[in-house]
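Trainee: Here's a sequence, model it:
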Amino acid sequence: SGLFDNSVFDKLVPAYYHRYNEVTGIIERSTCCENTATEHRMMYKFVVDSLVHWAEHLGIDGFRFDVMGHLPAQLLIDGRNAVVAVDSDTYFYGEGWNLGEVSNDRLFVQATQYNLASTEIGTFNDRPRDTIRNQALTRIESLSGTGSADLMGIDHIRLGLAGTLQNYELEDQSGSVKKGLNFGQSSYGLDPADIINYVSKHDNETLYDYLQYNFALDVSAETRARIHAVNAAIPLMSQGIPFFQLGADKMRSKSLDRNTYDAGDWFNYVDYTNTTNNWNVGLPIERDGKFTTALSTNVNANPSMTTIELTSSVFKELLSIRSSSPLFSLPTEQDVINRVGFHNTGLAQTPGLIVMSIDDGLRSDVSLADLDASVDAIVVVFNGTPNAQTHDIKSATGFTLHAKQQASADSVVRTASFTETSTHGTFSVPAHTVAVFVKAQDGAQGEGLSTDPDYVASPYNDTEVGIADISSGSFEAFEYDGRGNYTTSITLNAGSYEFNLGDASLTTVNLAFADVSIGASSESIVAGSVENFAFTASQSASYNVILNVESATPELTITVGNVLVSCQLPDSSDAAPFTISGDGSLYIKGDHSGWNAEAAYKMTYKGDNRYQAVADFDGDMQFKLASSDGNWTTQLWAQNSDGSIMQSNLDVGTTYDVAYENAGTDNNSASLAAGTYSFLLTLNEANPSAGKAVGTLLIQQCSD
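Mentor: Numbers count the residues shown, from 1 in each chain. Have a look, this model is predicted:
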């Protein structure tokens, strides 16, 4: 037909057929036509022709693919293109998991999350899903407890609200601004339509059931319902496409049964009268390891009809709010980057509070099309805490609670409010509540709300500014953080140096020693020979350089970062005693290596149960220590004290306990100034069994 690239056919997984053996009563799976390109082409064409037939003759306008990662990405793209020729309003989506015999593109380029990015073929987004279900935002210990919000998990929820886009930049819990691609749960989308936001579908417990595992027994039914409503609202308010299991609005329960495809109507019942949510109707057929009888029979987990109806009404109100504005369905990645901002982030954030804005107003830094003629900006506040919260945003003016919520069935959300002064606006939201505020547009497009209203403009505008070593002529450019700070890191051996500050040619910006002040915490900096700067490095180390330009007189500060150490450890003549899959070696596998086992990042055995890799790194990275095989069968990673994988940046020079387990898509991360680094793994035993705290990991910057 001319639609298909024959080179793709030859890479398909061998076709299979099933037959029923009448003697044994067993369904047998046998290979058919293995390595026969003709049969592969026939199967490929059969799939595409079937999709077109269903669209053309049955009017099916969307297709969902189970375990879609087992299919070639090109098959999905060609199939979608063929269907679009029949029905332009169609959508393809499915499970883009990287697993099984085809994992890591072993046989062909799979239809997985990263491989389908930018195609607008949707994949189920597991990045914020688990953190939402584990109550990263809303966990409370008891009715009198103060809560224990998971700041790292909340960062992943924020990224999910922004469409889980690779290039969206967010200030993380430690104050570092980085792209979604570089977070522990790496963002993978390149277009909002790539992303299916969900918290439950047919697999595993319903959202309501899953949330119960993190409640203390004394948490009331009403509080559980409010927390359910907050978590269910997150996909509704997210960029991308929201997806819900039937009955999510009614707090549907399957009595903690994990998978009910064969459980019948008893566990799968949905009560449209809202009399019951089907909680505790029987012993779960397939139970989670956290299941207890005390949990399933807890009266506080059994909501009343009144509570169910209120929760259903709140869900419908938020659904109506989403559908009322195109700002919740931005069409491109750049639209999301330009318009969506978060205002309670970093080190000083209020835990358990997400403040998201979507801009549709006039801006000086970027031209925004007027997508919604009724509003200039929207602010959504998710208060997952047990207490009322307020948050100030500089330059926020003219906001009111959304009309739907002013008349809400929920009397609590009706108390949410906005007040303003000459310098800032204050959003006030009651406990366990999602409140939506709008700045109405009066006629022509007006001023909205910038994604970063706290941005500090630099006096040097877009000029690249840096530090130049006079003797070597090297120039190290600063990065500007939008808060008045230019920063960089330079690696120096002990000794004396003279340097200039300014642009590379010292024509537009040229700062002399007399033009700046020296920070109180800085290493000693004095005037150099020709109006420049002189500095003595007391030890071989990387040095952090900060130029703060908030005041008329810039302030220069240089502090010690990582002390350099000798990283040369001789290789051992003994064979490595640790049983490692693949080629028998560990690698530092991450985004720096394309997630592959690259020779430059191979760990060699040094004796005494030590494994080391010495390599060059520069910037933010995600990684795990893993075997060379595509399934990452052997995985080791730095752990938190509770045994979970550490996803905040690892510090250079700090020793971390290491776990030996499969961490799924979660990764360690680090931010390394340009230089050579040692990754040293020390195991407690020669050949440890899988488990927690099997050894330690130490990252150091090298002097040799």
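Trainee: all helices of the chain, in order?
Mentor: Under the criterion DSSP state H, the chain contains helices at 6-9, 37-58, 73-84, 129-133, 151-161, 207-212, 221-236, 264-268, 293-296, 305-324, 333-339, 403-406.
Trainee: what angle sits between the longest one and helix 73-84?
Mentor: Pointing back at helix 37-58 there. 30 degrees (axes from the mean of the first three to the mean of the last three CA atoms, to 10 degrees).
Trainee: Dump helix 37-58 to PDB, restricted to CA.
Mentor: Provided in PDB are the C-alpha atoms of helix 37-58 (Å, rounded to 0.1, in the frame of the first residue of the first chain):
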ATOM      1  CA  ALA A  37      10.100 -11.200   7.100                       C
ATOM      2  CA  THR A  38       7.100 -11.900   4.900                       C
ATOM      3  CA  GLU A  39       5.000 -13.000   7.900                       C
ATOM      4  CA  HIS A  40       6.200 -10.000   9.900                       C
ATOM      5  CA  ARG A  41       5.100  -7.600   7.200                       C
ATOM      6  CA  MET A  42       1.700  -9.400   7.000                       C
ATOM      7  CA  MET A  43       1.200  -9.000  10.800                       C
ATOM      8  CA  TYR A  44       2.200  -5.400  10.600                       C
ATOM      9  CA  LYS A  45      -0.200  -4.700   7.800                       C
ATOM     10  CA  PHE A  46      -3.000  -6.700   9.500                       C
ATOM     11  CA  VAL A  47      -2.700  -4.500  12.600                       C
ATOM     12  CA  VAL A  48      -2.900  -1.200  10.600                       C
ATOM     13  CA  ASP A  49      -5.700  -2.500   8.300                       C
ATOM     14  CA  SER A  50      -7.700  -3.600  11.400                       C
ATOM     15  CA  LEU A  51      -7.400  -0.200  13.000                       C
ATOM     16  CA  VAL A  52      -8.600   1.500   9.800                       C
ATOM     17  CA  HIS A  53     -11.500  -0.900   9.400                       C
ATOM     18  CA  TRP A  54     -12.700  -0.300  13.000                       C
ATOM     19  CA  ALA A  55     -12.400   3.500  12.600                       C
ATOM     20  CA  GLU A  56     -14.100   3.500   9.200                       C
ATOM     21  CA  HIS A  57     -16.900   1.000   9.600                       C
ATOM     22  CA  LEU A  58     -17.500   1.000  13.400                       C
END
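Trainee: one step back: okay, the helices of the chain in CSV with mean neighbour count, distance to residue 100 and mean pLDDT next?
Mentor: C-beta: built from backbone N, CA, C; applies to glycine. Formatted as CSV, the helices of the chain follow (neighbours: other CB atoms under 10 Å; distance: least, CB to CB, whole Å; pLDDT from 0 to 100):
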stretch, mean neighbour count, distance to residue 100, mean pLDDT
helix 6-9, 15, 19, 40
helix 37-58, 16, 18, 88
helix 73-84, 20, 15, 96
helix 129-133, 22, 20, 93
helix 151-161, 25, 26, 95
helix 207-212, 25, 25, 96
helix 221-236, 23, 27, 97
helix 264-268, 14, 28, 93
helix 293-296, 14, 33, 90
helix 305-324, 18, 35, 98
helix 333-339, 20, 30, 98
helix 403-406, 16, 45, 98
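Trainee: Between these, which one is closest to residue 477.
Mentor: Closest approach to residue 477 among the helices of the chain is made by helix 333-339 (22.6 Å; CB to CB).
Trainee: and the closest one, how far out from the chain's middle?
Mentor: Centroid separation between helix 333-339 and its chain, computed with CA atoms, centre = their mean, to the nearest Å, is 16 Å.
Trainee: Report all helices and strands that it contacts.
Mentor: Helix 333-339 is packed against strand 353-359, with contacts defined by 3 or more CB pairs under 8 Å, 6 or more residues apart in numbering; DSSP states H and E.
Trainee: packing partners for the strand it packs on?
Mentor: helix 151-161, helix 333-339, strand 340-342, strand 375-383, strand 389-394.
Trainee: residues in contact with that strand?
Mentor: 137, 154, 157-158, 161, 237, 327-328, 330, 338-344, 368, 376-385, 389, 391, 393, 427, 448-451 (CB atoms under 8 Å, 6 or more residues apart in numbering).
Trainee: Who are the contact partners of the spatially closest residue to residue 210 that is not a sequence neighbour?
Mentor: Leaving aside its sequence neighbours, residue 210 sits nearest to residue 133 (CB to CB, 6 or more residues apart in numbering; 4.5 Å). Counting by CB under 8 Å, 6+ apart, residue 133 makes contact with 199-200, 207, 210-211, 231.
Trainee: what does residue 650 give?
Mentor: 638, 656, 668-670, 697, 699.
Trainee: which of these has the most neighbours?
Mentor: residue 668 (27 neighbours; other CB atoms under 10 Å).
Trainee: Now do stretch 323-332: everything it contacts.
Mentor: Under CB under 8 Å, 6+ apart, the answer for stretch 323-332 is 163, 191-193, 237, 239, 321-322, 336, 339-340, 358, 360, 371-372, 374-375, 378, 404.
Trainee: ok, 6 Å please
Mentor: 192, 239, 322, 336, 358, 360, 371-372, 378 (CB atoms under 6 Å, 6 or more residues apart in numbering).
Trainee: Then stretch 449-469?
Mentor: Under CB under 6 Å, 6+ apart, the answer for stretch 449-469 is 341, 357, 359, 377, 393-396, 475-478, 480, 482-484, 486, 499-501, 503, 508-509, 545, 549.
Trainee: Buried residues of that stretch, list them for me.
Mentor: 449-453, 458, 460, 464-468 (16 or more other CB atoms under 10 Å).
Trainee: One more: stretch 498-505?
Mentor: Neighbour-count burial for stretch 498-505 [16+ other CB under 10 Å]: 498-503.
Trainee: same check, this time on stretch 541-557
Mentor: 541-549, 554-557.
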